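K.L.:
generate a structure from the sequence data that follows.
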Amino acid sequence: MRWLQQPLAFLRYRRTPVPHSCSMATSASSGQSITPATTRIGWIGTGVMGRSMCAHLIRAGFSLTVFNRTLSKAQPLLDLGAHLASSPSSLASQSDVVFSIVGFPSDVRSVLLDPSSGALSGLRPGGVLVDMTTSDPSLAVEISVAAASKGCSSVDAPVSGGDKGAREGTLAIFAGGDSATIRRLEPLFSLLGKVNHMGGPGKGQYAKLANQITIASTMVGLVEGMIYAHKAGLDVGVWLSAISTGAAGSKSLDLYGQRIMKRDFEPGFYVNHFVKDLGICLKECEKMGIALPGLALAQQLYLSLKAHGDEKLGTQALVLVLERLNKVSLENVSKA
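P.N.:
Below you'll find the predicted structure:
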């Protein structure tokens with residue numbers, strides 16, 4: 001369980017736990033208003049997305065306890081005043097609402113459901129788990145059932161908007177779970193972006209997977225268009241600007257067009273995680289008995305990127321696959 005392996009340095013820097021306040025223990029699920037004075041927050045996963053999201057809550061005045069297996073990724077939040085926990089269970093024992101945004105469904109299972117060290121094992125009755133990882137819908141349902149058995153509740157709330165949306169607090173949040181719980185969490189969600197209630201447990205995950213299917217095909221279209229424009233002798237930068245206000249304009253073009261031109265492949269969202277997401281989509285398609293050939297093609301192209309060792313790049317690095325297929329490069333164009 002790689003999320004639960006703690007290096008000695010991590011434990012050595014552990015901060016003093018936040019004192020427990022009985023008046024705060026059930027604010028999220030009892031109907032009491034969620035405010036910095038009444039609600040303690042736990043946050044598991046302080047990577048590219050989580051770090052910015054967590055910082056919004058701290059700056060709004062909420063008391064935050066964080067857990068991350070790599071101390072350096074949590075340090076900026078500790079500098080802002082967050083407290084450090086040694087395990088998800090310890091974190092949850094000091095929290096009323098526990099957010100998680102980690103890498104893979106196996107990580108979600110470990111940090112939330114592990115019987116000895118998972119967050120649910122330390123969460124008091126009335127507490128709420130909010131998983132913002134893109135994960136299996138069936139796992140979201142399992143978490144909901146497990147939480148209910150302990151007198152707690154859970155919401156699956158994956159997000160879209162990338163690193164920019166996380167930094168600016170403009171994420172699209174797809175929430176699955178009890179509508180009353182989601183409404184009570186609105187003061188927290190509003191600091192991160194716009195929450196959209198998609199239905200019961202697991203429906204937030206289904207909505208995010210449909211979002212990923214749309215993004216995958218859009219990204220393929222964007223990089224194919226750029227390759228075609230280049231081969232046709234167009235100025236690709238001028239072309240991107242021209243189409244941005246027409247029917248071909250999209251959020252993906254706005255976020256990634258210029259990054260591709262600048263050869264900026266820093267991850268707003270990792271290729272490795274996108275491959276994971278598209279794999280979950282295909283598995284769900286098989287369960288539903290539906291064929292989505294565009295999704296399958298996009299997944300194969302991203303797998304090619306991963307096979308070349310580029311899994312730690314951002315999803316906009318898909319252009320590298322099309323460049324290899326066509327023996328062209330936009331690199332010189334971007335430097336012109």
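
K.L.:
in the stretch 151-300 of the chain, where is pLDDT below threshold?
P.N.:
Along the stretch 151-300 of the chain, no part satisfies pLDDT under 70.

K.L.:
which stretches in it count as helices?
P.N.:
Taking DSSP state H, counting those that start in this stretch, the helices of the stretch 151-300 of the chain run over residues 162-168, 179-184, 186-189, 203-231, 236-243, 251-261, 271-288, 293-307.

K.L.:
now do the buried residues in the fourth one.
P.N.:
Spelled out, it's helix 203-231. Residues of helix 203-231 classed as buried: 203-209, 211-213, 215-223, 225-227, 229-230 (neighbour count, 16 or more other Cβ atoms under 10 Å). Yep, even glycine has a C-beta here, placed from its N, CA and C like the rest.

K.L.:
make TSV from the helices of the stretch 151-300 of the chain and add distance to residue 123 to it.
P.N.:
As requested, these are exported to TSV (distance: least, Cβ to Cβ, whole Å):
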stretch	distance to residue 123
helix 162-168	25
helix 179-184	14
helix 186-189	16
helix 203-231	20
helix 236-243	47
helix 251-261	35
helix 271-288	26
helix 293-307	36
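
K.L.:
nearest residue to the middle of this protein?
P.N.:
Of all residues in the chain, the one closest to the mean position by Cα atoms, centre = their mean is residue 133, 4.8 Å from it.

K.L.:
identify the residues contacting that residue.
P.N.:
Counting by Cβ atoms under 8 Å, 6 or more residues apart in numbering, residue 133 touches 45, 100, 101, 102, 103, 104, 105, 107, 108, 158.

K.L.:
and what of residue 55?
P.N.:
With contacts defined as Cβ under 8 Å, 6+ apart, the neighbours of residue 55 are 76, 77, 80.

K.L.:
for residue 50, the count of nearby residues, please.
P.N.:
Other residues near residue 50 number 24, with proximity taken as other Cβ atoms under 10 Å.

K.L.:
kindly report the same for residue 48.
P.N.:
20.

K.L.:
that one contacts residue 268, correct?
P.N.:
Yes: with contacts counted by Cβ atoms under 8 Å, residue 48 reaches residue 268, the gap being 7.0 Å.

K.L.:
quick one: common contacting residues for the two?
P.N.:
Shared contacts of residue 48 and residue 268 (Cβ under 8 Å, 6+ apart): residue 163.

K.L.:
now residue 245: phi and psi?
P.N.:
phi -100, psi 0 (degrees, to the nearest 10).

K.L.:
same question, the one 3 residues further on
P.N.:
When quoted as degrees, to the nearest 10, the phi and psi of residue 248 stand at phi -80, psi -10.

K.L.:
dump the residue contacts of the closest residue to it other than its chain neighbours.
P.N.:
Nearest residue to residue 248, sequence neighbours excluded (Cβ to Cβ, 6 or more residues apart in numbering): residue 225, at 7.3 Å. By Cβ under 8 Å, 6+ apart, residue 225 lies in contact with 239, 243, 248.

K.L.:
which of those residues are buried?
P.N.:
The buried subset of those (16+ other Cβ under 10 Å) comprises 239, 243.

K.L.:
switch the contacts of residue 225 over to a markdown table; also include distance to residue 58.
P.N.:
Putting the contacts of residue 225 into a markdown table (distance: Cβ to Cβ, whole Å) gives the following:
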| residue | distance to residue 58 |
| --- | --- |
| 239 | 42 |
| 243 | 39 |
| 248 | 39 |
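
K.L.:
quick check, nearest of the contacts of residue 225 to residue 175?
P.N.:
Distance to residue 175, by Cβ to Cβ, is smallest for residue 248 among the contacts of residue 225, at 30.5 Å.

K.L.:
and the gap between the closest one and residue 165?
P.N.:
Here the distance between residue 248 and residue 165 works out to 21 Å (Cβ to Cβ, to the nearest Å).

K.L.:
now swap in residue 307 and tell me
P.N.:
The gap separating residue 307 from residue 165 is 29 Å, by Cβ to Cβ.

K.L.:
so which residues of the stretch 1-150 of the chain form helices?
P.N.:
Here the stretch 1-150 of the chain has its helices, by DSSP H, counting those that start in this stretch, at 8-12, 27-30, 48-59, 71-79, 88-93, 105-108, 119-122, 137-149.

K.L.:
and the fifth one, what's buried?
P.N.:
Read that as helix 88-93. Buried residues in helix 88-93 (16+ other Cβ under 10 Å): 88, 89, 90, 91, 92, 93.
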